[in-house]
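A.B. asks: here you go, sequence then predicted model.
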Amino acid sequence: MDDSTIIYTHTDEAPALATHSFLPVIQAYASTAGVSVETRDISLSGRILSQFPERLDEDQRVPDALAELGELATTPQANIIKLPNISASVPQLKAAITELQEQGYALPDYPEDPQTDEERDVRARYAKVMGSAVNPVLREGNSDRRAPASVKKYAQAHPHRMGAWSADSKTAVATMGVDDFRSNEKSVVLESDDTLRVELVGDDGTTTVLRDSIPVLAGEIVDATSMNVAALREFLTEQVARAKADGVLFSVHLKATMMKVSDPIIFGHVVRAFFPKTFAEHGAALAEAGLSPNDGLGGILKGISSLPDADAIKASFEAEMAEGPELAMVDSDNGITNLHVPSDVIVDASMPAMIRTSGHMWGPDGDEHDTLAVIPDSSYAGVYQVVVDDCKANGAYDPATMGTVPNVGLMAQKAEEYGSHDKTFEIPTTGTVRVLNGAGDVLLEHAVAQGDIWRACQTKDVPIRDWVKLAANRARATGDPTVFWLDETRAHDANLIAKVKEYLADPSVVDGDTDGLDIRIMSPIEATKLSVERIRRGENTISVTGNVLRDYNTDLFPILELGTSAKMLSVVPLINGGGLFETGAGGSAPKHVQQLVKENYLRWDSLGEFLALAVSFEHLATTTDNARAQVLADTLDRATATFLEQDRSPGRKLGTIDNRGSHFYLALYWAQELAEQDEDTELASAFAALASTLVEQEQQILDELLAVQGSPADIGGYFRPDAAKAEQVMRPSTTFNEALATL
């Protein structure tokens, strides 16, 4: 692979299907600038298959593309466009395995309770593809996410619907505040390179090594914390009673996909707290049958049919459902509750959607209701409470006039909580967890009880320096107030604040002095208050945050401003000089696939791909001195603006253009811009004929695209569609295909 190559990732669900339609456009246009666009399969199914080559036929084996791209991301040549992928929960992983087995891949079943060395090996391999397996590998840089000017302008001219807020709304956020990860956190900065060890010293005198080797570097911040499960259970029981007393929906908001060890356990405790009588009476039988509340109510209800007491267990669940508060619903028509699947309600997407909808979620009756949003750990729950309180006091935000909150996020090299999976444990016995250095000195320790959740995480110094530099550069470029969301009373943040202050004062770190820049350090709660005050005045405020708040803020504010986070420009300047360009969120992707299969209509909006592609071309032009690639970038930007002005995004119902039609119009506007630009006359000439052809054949192409709508579409699989079938479904216009081929 040479410097003039862009890697366009093949991922999952709707984005993967859209790729079959849009990638031929990209490759055709890019070829005119000598740019090669290649794909790499980092889909969930591809990641699964790459782990078991010895079990597959030779023609079924797939390379470990994620590992390859992880290595590429550390090089200056990296130019990767990363589309949304499935961050698999256990139920999703099992479903993917089943589909692949049905397609003829001899994969092993997922071992729930591995007993043999072989089963433990299988479980470990599957663990590598669960949760956020992709992002930490590719993110060898920090995050710069913002709404492009064309997108913000369109949102202001065509504001999306916002639900009205009432001052007497009962919607609230509930969080622990004590005995949780936030309150129990301890932190240390390493003075030198070392190797740490984590051990559990039991009250019974036993010592268990939880992690025998954690390499660390000088200047690295290492944190450890625990959640007291007895306190968690008490808190959850209180919140179930509170929701019932207040007459509001009960909902829990976690991130079981990214926090793939801790949050499914917490989710299981929520399910137990909502159905205490059922688990008191039938918990042992459910456990013996391998039915865990960590996998959600849906998995339990599906699995009890073979049990002798199936009817009694089902009746017990139904009785407690009727006695308790009403549950927030994921799909009220089909009875899918907030507690059915741990990955269905993801906090960073579900909370802003609730705030946008008058503080409501959907109830069992199919109507909207006030909601008690339970976020057990208090690290960031206060951010959402501030926004809820602001909406109660001042009403809904106005997308036509509101400001924006871009984000600079610390995420490189598995920074902070999202890098804690391999250092998170459900404690098997009461005792003390200790983190020791190579000399045997205790750096951090926590008293723990059986069932508590303990975790540690790392944040390397090089990413912190890069993050501070990126924040200073954004402050210079915009002139906007730039706020580090850090709380001096939190152990990790206190260590981070000391580094931020040091590096901001060092011109060699931040590319010059910071005199005259409005750079502040505020707690997340105070920073949220400042940001929403400025938003209402139409003013912009850059949020500079750690990894989790990066995830939360880049959904919260875009969903309020733009209606979706998929329209954000997401640039990751890689520390070693390459570029990673992400294309937005994929939260509604499953519904889009279901609609395509049912009626051959794909509502997925590829705007995020358009935005990422433009900055990818721009990066390549800069790093390889390819002037023609810069022309492609500039003209694509202008074409995207026209695309928005002409409202060519997919419609909502049959008979309007879907994802494939939107790709046609983007190709048309892009060809016109290329034909009309005067920086490269040879390129203009090459695209003049295509632009003319697309204009002349517009109606014919639209007729061919619309003709397929309304009938079922066969793509050969959900997690791993058949490539030929997907290609046929996603490229139904022969006229458009032939026009592209002329390039």
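C.D. replies: Happy to help now that I have it. Numbering: from 1, shown residues only.
A.B. asks: secondary structure class for the closest residue to Leu607 other than its chain neighbours?
C.D. replies: Counting by C-beta to C-beta, 6 or more residues apart in numbering, Leu607 lies nearest to Lys567, which is 5.3 Å off, once chain neighbours are set aside. To be clear about C-beta, it is placed using only N, CA and C from the backbone, and glycine gets the same treatment. With DSSP: H, G, I helix; E, B strand; the rest coil as the basis, Lys567 sits in coil.
A.B. asks: so Lys567 makes contact with Lys153?
C.D. replies: No: between Lys567 and Lys153 there is no contact, the gap being 11.7 Å when judged by C-beta atoms under 8 Å.
A.B. asks: which of those two has more neighbours?
C.D. replies: Applying other C-beta atoms under 10 Å to Lys567 and Lys153 shows that Lys567 carries more neighbours, namely 27 against 14.
A.B. asks: next, give phi and psi for that one.
C.D. replies: phi -100, psi 10 (degrees, to the nearest 10).
A.B. asks: confidence score at it?
C.D. replies: As predicted, Lys567 sits at a pLDDT of 82.
A.B. asks: how about the contacts made by it?
C.D. replies: 147-148, 151, 155, 558, 584, 605, 607-608, 611 (C-beta atoms under 8 Å, 6 or more residues apart in numbering).
A.B. asks: make a markdown table out of the residues you listed and add neighbour count and secondary structure.
C.D. replies: Output for those, formatted as a markdown table (neighbours: other C-beta atoms under 10 Å; DSSP: H, G, I helix; E, B strand; the rest coil):
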| residue | neighbour count | secondary structure |
| --- | --- | --- |
| Ala147 | 23 | coil |
| Pro148 | 20 | coil |
| Val151 | 24 | helix |
| Ala155 | 22 | helix |
| Pro558 | 28 | helix |
| Gly584 | 26 | coil |
| Asp605 | 21 | coil |
| Leu607 | 27 | helix |
| Gly608 | 27 | helix |
| Leu611 | 27 | helix |
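A.B. asks: out of those residues, which is nearest to Ala505?
C.D. replies: Ala147 (30.8 Å; C-beta to C-beta).
A.B. asks: now do the strands in the stretch 51-200 of the chain.
C.D. replies: Assigned by DSSP state E, counting those that start in this stretch, the strands in the stretch 51-200 of the chain fall at 79-82, 143-146, 172-174, 186-189, 194-202.
A.B. asks: residues in contact with the last one?
C.D. replies: Same thing as strand 194-202. Counting by C-beta under 8 Å, 6+ apart, 207-216, 222, 423, 425, 427-438, 443, 448, 456 sit against strand 194-202.
A.B. asks: flag the shaky bits of the protein, pLDDT-wise.
C.D. replies: 1, 585-588 (pLDDT under 70).
A.B. asks: how does it divide into domains?
C.D. replies: Domain ranges of the chain: 5-140+574-741, 172-181+228-394, per automatic domain parsing.
A.B. asks: the ones you listed: which one's closest to Leu549?
C.D. replies: So among these, domain 172-181+228-394 is nearest, using C-beta to C-beta, at 5.9 Å.
A.B. asks: now do the same end-to-end measure for the closest one.
C.D. replies: Distance between the boundary residues of domain 172-181+228-394 (C-alpha to C-alpha, to the nearest Å) amounts to 16 Å.
A.B. asks: tell me how far that domain is from the chain's mean position?
C.D. replies: 20 Å (C-alpha atoms, centre = their mean, to the nearest Å).
A.B. asks: do the same with stretch 511-522
C.D. replies: Mean-position distance between stretch 511-522 and its chain equals 30 Å (C-alpha atoms, centre = their mean).
A.B. asks: quick one: the strands in the stretch 401-550 of the chain?
C.D. replies: Taking DSSP E, counting those that start in this stretch to define them, one finds strands in the stretch 401-550 of the chain at 407-409, 424-426, 431-436, 442-448, 453-459, 482-485, 519-522, 542-545.
A.B. asks: now those strands in JSON lines, with mean neighbour count and distance to Pro24?
C.D. replies: Output for the strands of the stretch 401-550 of the chain, formatted as JSON lines (neighbours: other C-beta atoms under 10 Å; distance: least, C-beta to C-beta, whole Å):
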{"stretch": "strand 407-409", "mean neighbour count": "26", "distance to Pro24": "33"}
{"stretch": "strand 424-426", "mean neighbour count": "18", "distance to Pro24": "43"}
{"stretch": "strand 431-436", "mean neighbour count": "20", "distance to Pro24": "52"}
{"stretch": "strand 442-448", "mean neighbour count": "17", "distance to Pro24": "53"}
{"stretch": "strand 453-459", "mean neighbour count": "24", "distance to Pro24": "41"}
{"stretch": "strand 482-485", "mean neighbour count": "25", "distance to Pro24": "41"}
{"stretch": "strand 519-522", "mean neighbour count": "18", "distance to Pro24": "45"}
{"stretch": "strand 542-545", "mean neighbour count": "28", "distance to Pro24": "37"}
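A.B. asks: can you tell which of those is closest to Glu727?
C.D. replies: strand 407-409 (35.7 Å).
A.B. asks: and that closest one, which strands flank it?
C.D. replies: Looking at strand 407-409 with DSSP bridges, its partner strands are strand 143-146 (antiparallel), strand 542-545 (parallel).
A.B. asks: distance to Thr528 for these - can I get that in a markdown table?
C.D. replies: Formatted as a markdown table, the strands paired with strand 407-409 follow (distance: least, C-beta to C-beta, whole Å):
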| stretch | distance to Thr528 |
| --- | --- |
| strand 143-146 | 17 |
| strand 542-545 | 9 |
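A.B. asks: and of these, who's closest to Val188?
C.D. replies: Of all the strands paired with strand 407-409, strand 542-545 comes closest under C-beta to C-beta, at 21.7 Å.
A.B. asks: quick one: contacts of that closest one?
C.D. replies: By C-beta under 8 Å, 6+ apart, strand 542-545 touches 405-410, 467, 471, 474-475, 478, 480-485, 524, 527, 531, 549, 553, 557.
A.B. asks: sounds good, over and out.
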